[in-house]
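Peer 1: Return atomic coordinates for the entry below.
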Amino acid sequence: MSLKKFGLPVIVASAVMIPLGVTAPAEAAVEHSSKRVVGYYTQWSGYDRNFLVNDLVKNGTAAKLTHINYAFGFLDETGKCVSSDAWADYQRPFTAEQSVSGKADEAGQALAGNLNQLKQLKAKYPRLRVNISLGGWTGSKYFSNAALTKESRAAHVKSCLDMWLKGNLPGSPAGAAKGVFDGVDLDWEWPASEGAPGNVVRPEDKQNFTALVLEYRKQLNRLSWHTHRRYDLTAFLPADPVQIDRGFEVRKVFSALTFATTQGYDYHGAWDPVTNQQSAIDGPAGDPSTAEFSSQVTIDAYLKRGAPRSKLVMGVPFYSRGWTGVGSTNNGLFQPATGGAAPATYEAGYEDYRLLKAQLSKFQVFRDNKAGFAWLYDGTTFWTWDDPIEMKRKARYISDRHLGGAMIWSLDGDTSDGELITALHKHLH
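Peer 2: Coordinates of the predicted model:
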């Protein structure tokens, strides 16, 4: 099964005041008149990529988003929430030119780093919601420990709400990051299934994940009572129906979530010896895989298992997967790749859209309009290709199926003028 890298990870309704004397409902979803547009902003974007929170303003992305998932917070072995990079999260100072507000950070201020920039972004775009994403591909090792018992679940959730929502960061003044986050996004990859090597996996993860979601909802409702704010609870869910059935009680989980995002990418990649699509809407003709992976398969799987359409937010990629040493039969599609992963800027076999677009003159673009995907090929190197045309196609699919919106992994992959987010946003109805 070609799911070695399944799960790179990325959410949600406008803030609603809860009147005093009214208990927050068990299901904290708030309906929107338009689709959700959820984007992952990664903690590491500000390093090699030099993609800062302020770039979301410069390229027009922030105005088109309804939600940002900040990725990722981690869990320690006991299940307690911790920062995986304190410098990036809340210590790094930004210059006036780098800052969303246009003002330089000052020595000794209570909050710096990405969290302060997200706080400034929310001030600039008051309807924007920001959630802390926990886990991810490299941060899910100890989720099973956190979810194991009633006591461990309660302690885990308490630590996460204290750190991220109440804003009590280690070594910072009490409440320094209060108000930055509007909720929690659970990115456990994956309950009862192998994710990254070394992850703790237990057969009882499936039921424990449901119990963990319910514990989050309970403690978020309690926090709402004190703050008079509505908090989001979302989850990132796998594309593979086998992993869905192994790790998720779909109907029960969705009843407590504001909404969930589904993996809409990494259906195939350089871990496969043969080239293929990574984000097709439907299964393509001639696919040699033993099992079909496509967005339609994934969405249908969740609907069949009781997920409401309005709570299904379909993932789309702002990056490509690539192979090299690929023969010319079928324009490189479904062909052996003798060279393995294609060379790339940050990770072999993975390239941001904006960087691959700059090399587009070397490639020919091919599309499968029936299955809904595209690829690039230059005679030896093959890249999956999600450009504005494919974003439009995906947006129309989401709209036609009356789904809850689109989720992007990840925002740093777009161009300086926001080509992909513009095409996606324009065609979601």
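
Peer 1: Contact partners for Thr261?
Peer 2: Val10, Ile11, Val38, Asp185, Thr234, Ala235, Phe236, Leu237, Val313, Met314, Gly315, Met407 (CB atoms under 8 Å, 6 or more residues apart in numbering). Quick note: C-beta positions are derived from backbone N, CA and C, even for glycine.

Peer 1: ok, of those, which one's closest to Gly102?
Peer 2: Using CB to CB, Val38 comes nearest to Gly102 of the contacts of Thr261, at 26.7 Å.

Peer 1: Where do the strands of the stretch 51-200 of the chain begin and end?
Peer 2: Along the stretch 51-200 of the chain, counting by DSSP state E, counting those that start in this stretch, strands occupy 67-75, 81-83, 129-135, 183-187.

Peer 1: Tell me which of those strands is the most buried.
Peer 2: Most buried of the strands of the stretch 51-200 of the chain, by mean neighbour count (mean count of other CB atoms under 10 Å): strand 183-187, with a mean of 28.

Peer 1: Pairing partners for that strand, with directions?
Peer 2: Take DSSP bridges as the rule and strand 183-187 pairs in its sheet with strand 129-135 (parallel), strand 232-237 (parallel).

Peer 1: hey, which helix is longest across the protein?
Peer 2: Taking DSSP state H as the criterion, the chain has its longest helix at helix 205-227.

Peer 1: Identify the farthest-apart pair in the contacts of Thr261.
Peer 2: Asp185 and Met314 (15.4 Å).

Peer 1: Make CSV from the contacts of Thr261 and add distance to Gly283 and pLDDT to it.
Peer 2: Below are the contacts of Thr261 laid out as CSV (distance: CB to CB, whole Å; pLDDT from 0 to 100):
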residue, distance to Gly283, pLDDT
Val10, 24, 32
Ile11, 27, 29
Val38, 25, 98
Asp185, 29, 99
Thr234, 28, 98
Ala235, 25, 99
Phe236, 23, 99
Leu237, 20, 98
Val313, 22, 98
Met314, 16, 99
Gly315, 17, 99
Met407, 21, 99
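
Peer 1: Quick one: distance of whichever strand or helix holds Arg354 to the chain centre.
Peer 2: Per DSSP states H and E, Arg354 falls inside helix 353-357. The chain centre lies 20 Å from the centre of helix 353-357; the measure is CA atoms, centre = their mean, to the nearest Å.

Peer 1: Which helix or strand lies directly C-terminal to that helix?
Peer 2: strand 364-368.

Peer 1: got the CA coordinates for that next one in CSV?
Peer 2: Taking C-alpha atoms only, strand 364-368 is exported to CSV below (Å, rounded to 0.1, in the frame of the first residue of the first chain):
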residue,chain,number,x,y,z
GLN,A,364,5.3,19.9,-20.7
VAL,A,365,1.9,20.0,-18.8
PHE,A,366,-0.4,17.0,-19.2
ARG,A,367,-4.0,16.7,-17.8
ASP,A,368,-6.5,14.0,-17.2
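
Peer 1: Make residue 1 into 6 and carry on from there
Peer 2: Right, with 6 as the first residue, what we last looked at is strand 369-373.

Peer 1: Show me what it packs onto, helices and strands only.
Peer 2: On a contact count with 3 or more CB pairs under 8 Å, 6 or more residues apart in numbering; DSSP states H and E, strand 369-373 meets strand 378-382.

Peer 1: How far off centre is the strand it packs on?
Peer 2: 23 Å.

Peer 1: Can you name the residues in contact with it?
Peer 2: Residues from elsewhere that reach strand 378-382, judged by CB under 8 Å, 6+ apart: 280, 282, 284-286, 289, 325, 331, 333, 336-338, 361, 365, 368-373, 387-392, 394-395.

Peer 1: Going through the residues you listed, which ones are buried?
Peer 2: 280, 282, 284-286, 289, 325, 331, 336-338, 361, 368, 371, 373, 387-392, 395 (16 or more other CB atoms under 10 Å).

Peer 1: Okay, and which of these map to helices?
Peer 2: Using DSSP H, Leu361, Glu395 are the members of the buried ones among the contacts of strand 378-382 that sit in helices.

Peer 1: Settle this for me: Lys69 is touching Val43, isn't it.
Peer 2: No - at 11.2 Å, Lys69 and Val43 do not qualify as touching, with contact defined as CB atoms under 8 Å.

Peer 1: now the strands paired with strand 188-192 as JSON lines including distance to Thr267?
Peer 2: Output for the strands paired with strand 188-192, formatted as JSON lines (distance: least, CB to CB, whole Å):
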{"stretch": "strand 134-140", "distance to Thr267": "15"}
{"stretch": "strand 237-242", "distance to Thr267": "5"}
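
Peer 1: Of all those, which one is nearest Gly51?
Peer 2: Gly51 sits nearest to strand 134-140 of all the strands paired with strand 188-192, at 16.1 Å, using CB to CB.

Peer 1: Convert that closest one to CSV, retaining C-alpha atoms only.
Peer 2: The C-alpha coordinates for strand 134-140 follow below in CSV (Å, rounded to 0.1, in the frame of the first residue of the first chain):
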residue,chain,number,x,y,z
ARG,A,134,-10.0,32.2,13.1
VAL,A,135,-6.6,30.7,14.1
ASN,A,136,-6.3,27.2,15.6
ILE,A,137,-3.3,25.4,17.1
SER,A,138,-2.7,22.1,15.3
LEU,A,139,-1.3,19.3,17.5
GLY,A,140,0.7,16.4,16.2
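
Peer 1: Many thanks, I have nothing further to ask.
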